[in-house]
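Q: coordinates only, no sequence provided:
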């Protein structure tokens, strides 16, 4: 089973400042088809998860361009260039290369 | 517009059964992989089960042998049959198309 480890667990950020979340996989997430199925989800309080980024760095429909993803192999990063109040919530990395699994989540809060 | 809507949750006693449904619109359930993901109160996301386009199915160790995922192409609906429910199955259950589209969830509470 693939284990995804997210850091930090919690990230207090000042409005307008950047934020960064790391996700490390216990195995390479490169699929036999050559793609890397690493996604980032946002879950606002009381809401279902929402896809932000798929295949490491592709932004899903309607996602603001202040969200970006990067990485390769086993190490991945989600960056928010300028945090806004609506970004408060929990962020999860998720892999779909070997069935599915999720990171433990990172809580983004405003300082 | 792509949409998935879960239903079928509720309060059930330990050892009981429930069948969750996920009605899809805007796409065909047999043209994407579909999965069930759950979230216990105050906890993170946990993968439960997946069905691929070709029909192969897989389960997490926590539910293997108790839960069954299936789909009805004529009704464009995904199902999760849950048997021998335990208190630690209490969670919000989400249906997802690929990794992209998620429903609002249906709450399952297992308690005596």
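A: Thanks, I have it. None of the values given here were measured: they were computed from a predicted structure.

Q: what score does the most centrally placed residue in chain B have for pLDDT?
A: Taking CA atoms, centre = their mean as the criterion, residue B:36 is the residue nearest the geometric centre of chain B, at 3.7 Å. In the prediction, the pLDDT value recorded for residue B:36 is 98.

Q: identify the bridge partners of it.
A: Note on residue B:36: beta-bridge partners by DSSP bridges are residue B:49, residue B:95.

Q: and if you look at residue B:80?
A: Taking DSSP bridges, one finds residue B:20, residue B:69 as the beta-bridge partners of residue B:80.

Q: give me the neighbour count for it.
A: 26 (other CB atoms under 10 Å in any protein chain shown). Heads up, the C-betas are built off the backbone N, CA and C, glycines and all.

Q: from residue A:105, how far out is it?
A: Taking CB to CB, to the nearest Å as the measure, residue B:80 falls 23 Å from residue A:105.

Q: who does the least confident helix or strand in chain A by mean pLDDT pair up with?
A: For chain A, counting by mean pLDDT, DSSP states H and E, strand A:10-13 ranks last in confidence among helices and strands (a mean of 93). Listed by DSSP bridges, the sheet partners of strand A:10-13 and their directions read strand A:106-110 (parallel).

Q: now the partner strand: mean pLDDT?
A: For strand A:106-110, the per-residue pLDDT values average out at 96.

Q: same thing with stretch B:60-78?
A: Stretch B:60-78 shows a mean pLDDT of 97 in the predicted model.

Q: repeat that for stretch A:86-99.
A: Mean predicted lDDT for stretch A:86-99 stands at 97.

Q: hmm, that stretch touching chain B?
A: Yes: on the criterion CB under 8 Å from any CB of the partner chain, stretch A:86-99 is in touch with chain B at A:90, A:92, A:94, A:96, A:99.

Q: just to revisit the earlier point, go through the very next helix or strand once past the least confident helix or strand of chain A and flag the buried ones.
A: Proceeding N to C from strand A:10-13, the next assigned helix or strand is strand A:19-25, under DSSP states H and E. Within strand A:19-25, the residues that count as buried by 16 or more other CB atoms under 10 Å in any protein chain shown are A:19, A:21-25.

Q: by contact count, what packs against the helix or strand just after strand A:19-25?
A: The C-terminal neighbour of strand A:19-25 among helices and strands, as given by DSSP H and E, is strand A:38-43. Applying 3 or more CB pairs under 8 Å, 6 or more residues apart in numbering or on different chains; DSSP states H and E, one finds that strand A:38-43 contacts strand A:19-25, strand A:50-54, strand A:67-72, strand A:89-95.

Q: deepest-packed of those, please.
A: Among the helices and strands packed on strand A:38-43, strand A:89-95 has the highest mean neighbour count (mean count of other CB atoms under 10 Å in any protein chain shown), at a mean of 24.
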